[in-house]
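Participant: Sequence below, structure please.
(one chain, ligands or ions: 2)
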Amino acid sequence: MTRRSISILGSTGSIGTNTLDVISQTEEADAFEVVALTGSGNIELLAAQARQHRARLAVTADESQYVALRDLLSGTGIEVAAGQTGLLEAASAEADMVMAAIVGTAGLRPTLAAAKRGADIALANKECLVSAGDLFVSAVSQGGGRLLPVDSEHNAIFQVLEENQRHAIERVILTASGGPFRTYTKAQMADVTMETARAHPNWSMGLKISIDSASMFNKALEMIEAKHLFGLSPEQVEVIVHPQSIIHSMVGYADGSVLAQLGAPDMRHAIGYALHYPRRGKLPVERLDFAKLSRLDFEAPDETRFPALRLAKLAMKRGGVQGAVLNAAKEMALEAFIAGETSFLSMAEVTEAVMEDLAHLPAATTMEDVFAADLEARHRAKARLS
Ligand code: NAD
Ligand code: MG
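Facilitator: Ligands and ions are numbered 1, 2, ... in the order given. Coordinates of the predicted model:
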C-alpha cells in the first residue's frame, strides 16, 4: 500500500480515537501519515495524540485553550492553532484524506474546506449531508475527492451497492438497534433521564449520537443522509429495527435479492474500510461466530413512539433546506435535554414545530442559504425551548 496522509477533524472524540486506533494497529508500518488533528476542550488528549502520531498540526476549536495547548506541545515542533481559522487550517493542510468526525453542524465548514481542495472525505459527520445535502455532494465531486461513508449503515450500503447495477436498485434498508427505549411506551419515555438515554445497548459512541439513538433522531438523520449519499428518492429509504446490530444495512435489487453487510458492532469496521479503500485492510475487530449468534430479530419501526422517523420522511418529501432545519432544531433541543432543561419527548415536538414554522423557506442555491436556514431554525427552537 502506498503511504496515505490523513487529517482527523475531531480526533479526540469516539470516532476520532477509533480512527487513531485503526491507524496504530495497522500491520504495514507507516501505511498512514498523520498530518493534522483537531479537538475542542480535551487538550491533554489532543496533545498526547499529536505527540504519539507525530502530527504536523494540532488545533483546538476552543480559542481560550490555545496557550495551554501551545505549552503542552512546546519543543515538539508541532504547530498549534485554535478557533474557526485553526479548524480551516487543519482541513486545508495537505493530506490525501480527511476524516470528518466533528459532531454536529460545527463540522460543516471545515469539512467543506477539505472537500473543495480535493481531499478524499471519510465522512462520519452525517450532519454535512443532512444539512447541506446535494450541495455538499457536489462540493466533494467538484473538488475531485472521493466521498467515503463512515456511518456504519451507509458504509455497509456502500460495500454492497453494485454501482454497475444502479438501474436495478429498488431500496436501501437501514438497520436500527431501536436504542435503549425500544420496548418503552410513550408514557414511559416521558420522564426518562439523560443517563438512561445515553446508555446504548450495542454501540459505544459520543454523548449526542447516543441520545439521538434513543430518540431515533439518529436514524432520522441517517435516512436523509442515505438519500443524498446514494441519490435515492424518499420512498427508496427504509428502516428496520434489528436489535442485535449485526446486519449493518442492506440494499434490495429489482430481482428480489437483498445484499447485506454483517459484522460485530464496532465502528472500526467502517472506519477501517474507509481508511484502506479501495483495498480491504486487516482490521482488529471481533470475528462473527454464527453458531453463537443463534438468532437475528427484526421489527417494524414505530413512528408513533419515535416521531423523528416521520419527521425525516417529511423533510425528505419537502426537500430544500428542511434537512438543515430539522437538524438545527434537533441540535438545540438535544442540548437543552442534555442540560436538563427540557424533556426527552419535547425534542421531537420542538423540532416538528420549527419545521412547520419554516416550511416556507425556499431551497438553497448556495451554502450561505443553508447556514441562514440553520441559524433561523436555531432562533426558533430557542424561543420554543425557553
Ligand atoms: P464525540 O462527541 O465523541 O466527538 C466529537 C469531536 O468533535 C471531538 O473531537 C470534539 O472535541 C469535537 N468537537 C465538539 N464540538 C466541536 C465544535 N463546536 N467545533 C469543533 N470541534 C468540536 O462524537 P462522535 O460520537 O465521535 O461523533 C462524531 C460524528 O460522527 C458525529 O457527527 C456523529 O453523528 C458521527 N458518527 C459517530 C458514530 C460513533 O460511533 N461515535 C457513528 C456514526 C456516526
Ligand atoms: Mg449510524
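Participant: looking at this protein, which helix or strand is least sure?
Facilitator: For the chain, counting by mean pLDDT, DSSP states H and E, helix 290-293 ranks last in confidence among helices and strands (a mean of 92).
Participant: Over to the residue of the stretch 201-350 of the chain found nearest ligand 1: give its phi and psi.
Facilitator: For the stretch 201-350 of the chain and ligand 1, the shortest gap (C-beta to the nearest ligand atom) falls at residue 206, measuring 2.4 Å. Where you see a C-beta, it was placed from the backbone N, CA and C, and this is true even at glycine. Residue 206 adopts backbone torsions of phi -60, psi 160, taken as degrees, to the nearest 10.
Participant: cool, the one 10 residues further on as well?
Facilitator: The phi and psi values for residue 216, taken as degrees, to the nearest 10, are phi 70, psi 10.
Participant: go on, residue 358?
Facilitator: phi -110, psi 20.
Participant: The nearest residue to it once chain neighbours are set aside: which element?
Facilitator: Leaving aside its sequence neighbours, residue 358 sits nearest to residue 325 (C-beta to C-beta, 6 or more residues apart in numbering; 4.9 Å). Assigned by DSSP states H and E, residue 325 falls within helix 322-338.
Participant: does residue 182 really touch residue 241, like I thought?
Facilitator: Yes. Residue 182 is in contact with residue 241 according to C-beta atoms under 8 Å; the separation is 6.7 Å.
Participant: what's the spacing between the helix holding residue 325 and its chain's center?
Facilitator: 15 Å (C-alpha atoms, centre = their mean, to the nearest Å).
Participant: list the buried ones in it?
Facilitator: 322-337 (16 or more other C-beta atoms under 10 Å).
Participant: Could you do stretch 91-109 as well?
Facilitator: 91-93, 95-109.
Participant: roughly how far out does that stretch sit from the chain middle?
Facilitator: Using C-alpha atoms, centre = their mean, the offset of stretch 91-109 from its chain centre is 12 Å.
Participant: what do you get for stretch 271-278?
Facilitator: 16 Å.
Participant: For the stretch 101-250 of the chain, which residues are neighbours of ligand 2?
Facilitator: Residues of the stretch 101-250 of the chain found near ligand 2 (C-beta under 5 Å from the ion) are 151, 152, 153.
Participant: Now find how far off-centre the one helix or strand residue 89 maps to is within its chain.
Facilitator: In this structure, residue 89 is located in helix 83-92 according to DSSP H and E. Distance of helix 83-92 from the chain centroid (C-alpha atoms, centre = their mean) equals 20 Å.
Participant: now stretch 338-351
Facilitator: Using C-alpha atoms, centre = their mean, the offset of stretch 338-351 from its chain centre is 21 Å.
Participant: quick one: is it near ligand 1?
Facilitator: No. Applying C-beta under 6 Å from any ligand atom, one finds stretch 338-351 separated from ligand 1 by no less than 11.3 Å.
Participant: what is the mean pLDDT for that stretch?
Facilitator: For stretch 338-351, the mean per-residue pLDDT is 98.
Participant: for stretch 115-130, same thing?
Facilitator: 98.
Participant: Equivalent analysis for stretch 295-304, please.
Facilitator: 97.
Participant: All the strands of the stretch 151-300 of the chain, residue numbers only.
Facilitator: 169-176, 237-241, 247-253, 258-262 (DSSP state E, counting those that start in this stretch).
Participant: Generate TSV for those, with mean neighbour count, mean pLDDT and distance to residue 43 as supplementary columns.
Facilitator: Below are those laid out as TSV (neighbours: other C-beta atoms under 10 Å; pLDDT from 0 to 100; distance: least, C-beta to C-beta, whole Å):
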stretch	mean neighbour count	mean pLDDT	distance to residue 43
strand 169-176	22	98	35
strand 237-241	19	98	39
strand 247-253	22	98	34
strand 258-262	17	98	37
